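J.: fold the following, please.
(one chain, ligands or ions: 2)
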Amino acid sequence: MAKAAERYDEPIHIAVIGGTGLQHLSGFTHAATLKLSTPWGEPSSPVSVLHHPSPSTGKPIPIAFLSRHGLHHELAPHEVPNRANIAALRSLGVRTIIAFSAVGSLQEQIKPRDFVVPDQIIDRTKGVRPFTFFEGGMVGHVGFADPFDPPLGTLVQKCGHSLAGEDIVLHDKGTVVCMEGPQFSTRAESNLYRSWGGSVINMSALPEAKLAKEAEIAYQMICMSTDYDCWHVSAGDVTVEMVMGNMKANAENARRFVGAVLDELSKEEHKDLVMATHLQGSMKFAGSVTAPHGRSAEAKEKMQWLFPGYFD
Ligand SMILES: CSC[C@H]1O[C@H](OP(=O)(O)O)[C@H](O)[C@@H]1O
Ligand SMILES: Nc1ncnc2[nH]cnc12
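T.: Ligands and ions are numbered 1, 2, ... in the order given. Predicted coordinates:
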């Protein structure tokens, strides 16, 4: 088999971040494998550039694929280099991310192997993960009321509904509780999150979603339920075997869902959405709280790398 190229000279606007059980995306032409480095270190894995034929023009559309936990799932949730991942994708030109996550269900009606397109997050991480690009001499405050991008979320829901019935059950709203891990929750915590209105639980929505927002990237997570965590009286407490077993059994549906979203995003009519024109320039203001003469040289250099020309 021919070796994939090590560089790719065209901008790439769409990325998929694969999670547990979705470490690669099959069925696409593999155009390149990129080993990237950023001022925040190296991403979780090399970025695979996949060619996806546009359903409207037939032209190949490049998709960047990154494996959140590494190629062999060697990174625990708190070890994922989220800043390097998001910065590396932005540097390629990415403005839309579809992130995939295996989640525990906190509600009876969200059964194992169901899909959820969440619209909210409750933060139960513990502050041990670096969670902002704006620090060390450059302060920025971005709005995070909608942690997922509403227009992108609507498109993803429509794609999910178009597959629903063919073995795919979709819940098109939901609140993800993002916990620290790597241990699973106690029963008291699981019940507390239910009382808060949590729909599903994982260990990876944050800070990924916060950093995507700071990087002006439209971000939507697709969750697949793999277990009932530990609150359910008869389903049995979550184990890794349970998560992996359901993920493996339903991987084909997960790939079909992601494939349908990529088909839709590759259409010419969604060009503005894919480029996240509604977010473009938002950090120019949100990220310029620090007066120019108060900015540190190091922060300025990092900002120049991430947002060329924004803070000159
Ligand atoms: C292997 S169970 C816990 C693990 O699964 C989820 O991973 P991801 O979100 O990357 O699909 C969860 O967030 C935990 O990291
Ligand atoms: N019960 C659970 N808790 C946290 N993350 C998960 N990922 C899959 N199932 C999970």
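
J.: ligand 1 contacts on the stretch 101-250 of the chain?
T.: 101-102, 181, 202-204, 240, 243 (CB under 6 Å from any ligand atom). The C-beta positions use only the backbone N, C-alpha and C, and glycine is treated the same way.

J.: put the buried members of these into a ChimeraX selection.
T.: Here the buried members of those are turned into a ChimeraX selection, burial being counted by 16 or more other CB atoms under 10 Å:
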select :101,102,181,202,203,204,243
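
J.: which ones among the residues of the stretch 101-250 of the chain next to ligand 1 lie within helices?
T.: Those of these mapping onto helices are 240, 243, per DSSP state H.

J.: which of the residues of the stretch 101-250 of the chain next to ligand 1 fall within strands?
T.: Among these, the ones falling in strands (DSSP state E) are 101-102, 202.

J.: mind putting these into JSON lines with pLDDT?
T.: As requested, these are exported to JSON lines (pLDDT from 0 to 100):
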{"residue": "101", "pLDDT": "97"}
{"residue": "102", "pLDDT": "97"}
{"residue": "202", "pLDDT": "98"}
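
J.: distance of residue 178 relative to residue 190?
T.: The gap separating residue 178 from residue 190 is 14 Å, by CB to CB, to the nearest Å.

J.: more neighbours: the two, which one.
T.: Ranked by neighbour count (other CB atoms under 10 Å), residue 178 and residue 190 place residue 178 first, with 26 against 23.

J.: C-alpha coordinates for the helix or strand containing that one, CSV please?
T.: Secondary-structure element containing residue 178, defined by DSSP states H and E: strand 175-179. Extracted C-alpha coordinates of strand 175-179, given in CSV (Å, rounded to 0.1, in the frame of the first residue of the first chain):
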residue,chain,number,x,y,z
THR,A,175,-27.1,18.0,29.1
VAL,A,176,-23.7,16.3,29.4
VAL,A,177,-22.2,16.2,32.8
CYS,A,178,-18.4,16.2,32.2
MET,A,179,-16.7,14.7,35.2
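
J.: in stretch 51-69, what counts as buried?
T.: For stretch 51-69, burial by neighbour count (16+ other CB under 10 Å) applies to 52, 60-69.

J.: ignore what I typed, I meant stretch 195-209.
T.: 198-209.

J.: identify, from these, the entry nearest to residue 107.
T.: residue 199 (5.6 Å; CB to CB).

J.: kindly provide the distance from that closest one to ligand 1.
T.: 14 Å (CB to the nearest ligand atom, to the nearest Å).

J.: for residue 272, same thing?
T.: Applying CB to the nearest ligand atom to residue 272 and ligand 1 gives a distance of 29 Å.

J.: next: residue 161.
T.: Residue 161 is 22 Å from ligand 1, by CB to the nearest ligand atom.

J.: with residue 196 instead?
T.: 18 Å.

J.: I figured that residue hits residue 120, correct?
T.: No: the criterion here is CB atoms under 8 Å, and residue 196 misses it with residue 120 at 10.8 Å.

J.: identify the contacts common to the two.
T.: residue 175 (CB atoms under 8 Å, 6 or more residues apart in numbering).

J.: which residue is the nearest non-sequential neighbour of residue 232?
T.: Distances taken as CB to CB, 6 or more residues apart in numbering put residue 108 closest to residue 232, at 7.6 Å, once the chain neighbours are dropped.

J.: quick check: the one you found is in a strand.
T.: No: assigned with DSSP: H, G, I helix; E, B strand; the rest coil, residue 108 falls outside any strand and is coil.

J.: what's in contact with the helix or strand hosting residue 299?
T.: Taking DSSP H and E as the definition, one finds residue 299 inside helix 297-306. Helix 297-306 is contacted by residues 38-40, 87, 90-91, 133, 135-138, 215, 287, 310-311 when judged by CB under 8 Å, 6+ apart.

J.: just stretch 14-23 next, same as before
T.: Outside stretch 14-23, the residues within contact range by CB under 8 Å, 6+ apart are 24-25, 47, 61-69, 71-73, 85, 89, 92, 94, 96-102, 204, 208, 243-244, 247-248, 251, 254-255, 258, 262, 265-266, 274.
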